[in-house]
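Trainee: I would like the atomic coordinates for the input below:
(one chain, ligands or ions: 1)
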Amino acid sequence: MPATKAQPKEMLPLVDKPTIQYGVEEAIASGIEQVIMVTGGGKRAIVDHFDRSLELEHYLEERGKSDLLHILSEVDELSNQLDITYIQQKEPLGLGHAVWTARRLVENEACAVLLADDVILCEGRPALKQLIDAHRSTGATVLAVRRVPKSEVSRYGIIATGGSRGGIHEIVDIVEKPPAGDAPSDLAALGRYVLLPAVFGELDRGEPGAGNEIQLVDAIKRTIGHQPVVGVEFEGDYYDTGTVPGYLRANLMLAMKRNGLREELAPLLRELLETSPESV
Ligand code: G1P
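Mentor: Below is the predicted model:
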């Protein structure tokens, strides 16, 4: 805030692309063909972003802006590879409730959930594909997990593990945002899930949990013991863009990876550190 007062946070740019586009690219690269976007207010900007703008194309064509037309066509190509449905979550009742609003469209199938403000960039297999592969080999509900510093466990869903093999942990318990002293481990669930239909059955109860919100973690937890649930220690660079420091870090790291920007930014950063090292 206030940047997200009148626009969804998923539309904030990371360098020059809205955050949500990274998620859509990851979904496509993971083999997803149908996307349900659950949004709070201000969904129009997201709809427009993935829609074709004939007016803008015409304007750019007339002015011979072929580089910008090329960027537009890349976004078009993305949305052509998907069927996108939009659902408005009318009240912010929690992540579990947001996922539950898609229940009629998901029907009785396993589905993937991607939290757009958790950006994960991979050189190899996309994070979501790593989860889908783990789901195919285990038949389980799958969560993306990673170790986080103890000081951060209270920001995440934290898992307790049984046996582990090859980066896949059997999940025996999961707690939403525990205080550091009560966390069952330092393995946090980070914004990617493959859910078995049973999770939707549990979400139907609509029971509020931590923060008085309907938590996805609680619904997953209630399936443990009846359905297999595993955590995958995924590979890739993770950026929590939902906080100001995380958002700035993502922008900086992505800009430094970009040819053409790195050359401009690196000397600037060096200069900043040299001129005011005491403030760092
Ligand atoms: C949500 C989930 C939490 C998860 C986190 C990952 O929390 O409820 O379990 O660890 O995303 O970013 P939120 O960040 O929406 O508070």
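
Trainee: for the residue of the chain found nearest the ligand, what are phi and psi?
Mentor: Closest residue of the chain to the ligand, Cβ to the nearest ligand atom: residue 157 (2.7 Å). (Each C-beta comes from the backbone N, C-alpha and C, glycine too.) With angles defined as degrees, to the nearest 10, residue 157 sits at phi -80, psi 130.

Trainee: got it, and residue 192?
Mentor: According to degrees, to the nearest 10, the main-chain angles of residue 192 amount to phi -140, psi 130.

Trainee: contacting residues for it?
Mentor: When contacts are counted by Cβ atoms under 8 Å, 6 or more residues apart in numbering, residue 192 touches 112-115, 118, 120, 127-128, 131, 143-144, 234.

Trainee: which one (most neighbours) among these?
Mentor: residue 143 (30 neighbours; other Cβ atoms under 10 Å).

Trainee: that one: what secondary structure?
Mentor: strand (DSSP: H, G, I helix; E, B strand; the rest coil).

Trainee: now do it against residue 228, distance only.
Mentor: Remark: distance between residue 143 and residue 228 (Cβ to Cβ, to the nearest Å) = 12 Å.

Trainee: need the helices for the stretch 1-150 of the chain, in chain order.
Mentor: Counting by DSSP state H, counting those that start in this stretch, the stretch 1-150 of the chain has helices at residues 19-29, 44-50, 54-62, 66-80, 95-100, 103-106, 127-138.

Trainee: can you narrow the contacts of residue 192 to ones near the ligand?
Mentor: For the ligand, the contacts drawn from these by Cβ under 6 Å from any ligand atom are 115, 118.

Trainee: out of the contacts of residue 192, who's nearest residue 40?
Mentor: residue 115 (13.2 Å; Cβ to Cβ).

Trainee: nearest spatial neighbour of the closest one, chain-adjacent residues omitted?
Mentor: residue 191 (3.7 Å; Cβ to Cβ, 6 or more residues apart in numbering).

Trainee: same thing with residue 124?
Mentor: In this structure, residue 124 finds its nearest non-sequential neighbour in residue 235, 6.8 Å apart by Cβ to Cβ, 6+ apart.

Trainee: residue 29 now?
Mentor: residue 126 (4.6 Å).

Trainee: swap in residue 222?
Mentor: In space, residue 222 is closest to residue 202, 4.5 Å off (Cβ to Cβ, 6+ apart).

Trainee: can you list the residues of the stretch 1-150 of the chain near the ligand?
Mentor: Residues of the stretch 1-150 of the chain lying near the ligand (Cβ under 6 Å from any ligand atom): 95, 115, 118.

Trainee: OK, contacts around the residue nearest to the first one when sequence neighbours are not counted?
Mentor: Nearest non-adjacent residue to residue 95, counting by Cβ to Cβ, 6+ apart: residue 216, 4.6 Å away. Contacts were defined as Cβ under 8 Å, 6+ apart; by that measure residue 216 touches 94-96, 99, 113, 157, 193, 199, 203.

Trainee: pretty sure residue 110 contacts residue 193?
Mentor: No - between residue 110 and residue 193 there is no contact under Cβ atoms under 8 Å: 10.2 Å.

Trainee: and these two? Which one has more around it.
Mentor: When residue 110 and residue 193 are compared for neighbours, residue 193 comes out ahead with 25 against 17, by other Cβ under 10 Å.

Trainee: the residue sitting furthest away from the middle of the chain and residue 56: what is the separation?
Mentor: Relative to the centre of the chain, the most outlying C-alpha is that of residue 62, 37.3 Å out, by Cα atoms, centre = their mean. Per Cβ to Cβ, residue 62 is found 11 Å from residue 56.

Trainee: and the pLDDT at residue 279?
Mentor: We have a pLDDT of 62 for residue 279.

Trainee: span of stretch 38-51 from start to end?
Mentor: End-to-end span of stretch 38-51 (Cα to Cα, to the nearest Å): 17 Å.

Trainee: do stretch 144-161 as well
Mentor: End-to-end distance of stretch 144-161: 13 Å, with Cα to Cα as the criterion.

Trainee: list the contacts of it.
Mentor: Applying Cβ under 8 Å, 6+ apart, the contact partners of stretch 144-161 are 120, 127, 130-131, 143, 169-180, 183-193, 215-217, 231-234, 238.

Trainee: got it, and stretch 64-74?
Mentor: So stretch 64-74 is in contact with 53, 56-57, 60-61, going by Cβ under 8 Å, 6+ apart.
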